[in-house]
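# Mind folding the following:
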Amino acid sequence: MTSVPAAVEETAVRRAVADVPDPELPPVTVGMLGMVHAVAVSDEGVVDVELLPTFSGCPATEMIERDVVAAVRAVEGVREVRVRFRFEPPWTPDRIDATGRERLREFGIAPPGGPTGAPPPDGRPTLPLALGPSSDARPCPFCGSTETSRDSAFGPTPCRDLRFCAVCQQPFEAFKTLRP
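Numbers count the residues shown, from 1 in each chain. Next comes the predicted model:
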């Protein structure tokens, strides 16, 4: 008697992928950051996951891949997991959901686009890693003031820089943005 593989529940696979914590930003998941581009589940239990890294040189992609594979393998019926990072379409901070923005704020990081996730006033899309002007004010995650400035283009990871709030006198991190 041959055993028939259990049908893999696609919803469970998508939830498992979306719930993987970002290794550099533990309060948020890859789902909250909008990194999950596509998930496909075959009848044979093979799962293909396509992720959008937050920037092309992200050192955490190997850890994210390992964690996604482990999370998806825990779903009943999964026999194989293949993870692919793609750069088209590019990830943008606009993909961060409201929960992710709030958790980043609570963690002391200001995502681009302000507290509501609105795009920059001129309507141009933003991308991480390149620097906008030092006057690219971000709302302070501690007091909400926009009287902030960049202290350093170099943060704890390549996709973040260091900022300072003139009102509450607190330093904080922010995602870098692309400005022509």
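
# For the helix or strand containing E50, which strands pair with it and how are they oriented?
Following DSSP states H and E, one finds E50 within strand 46-51. Using DSSP bridges, strand 46-51 pairs in its sheet with strand 36-41 (antiparallel), strand 80-85 (parallel).

# Output those strands as CSV; include the columns mean pLDDT and mean neighbour count.
(C-beta placed from N, C-alpha, C; glycine too.) Output for these, formatted as CSV (pLDDT from 0 to 100; neighbours: other Cβ atoms under 10 Å):
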stretch, mean pLDDT, mean neighbour count
strand 36-41, 96, 17
strand 80-85, 97, 16
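
# I'd like those strands laid out as TSV, including distance to A110.
Formatted as TSV, the strands paired with strand 46-51 follow (distance: least, Cβ to Cβ, whole Å):
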stretch	distance to A110
strand 36-41	23
strand 80-85	25
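
# and R103, which of the ones you listed is closest to it?
Closest to R103 of these is strand 36-41 (Cβ to Cβ; 16.5 Å).

# Now do that closest one: everything it contacts.
8, 10, 13-14, 17-18, 30, 47-52, 86, 89 (Cβ atoms under 8 Å, 6 or more residues apart in numbering).
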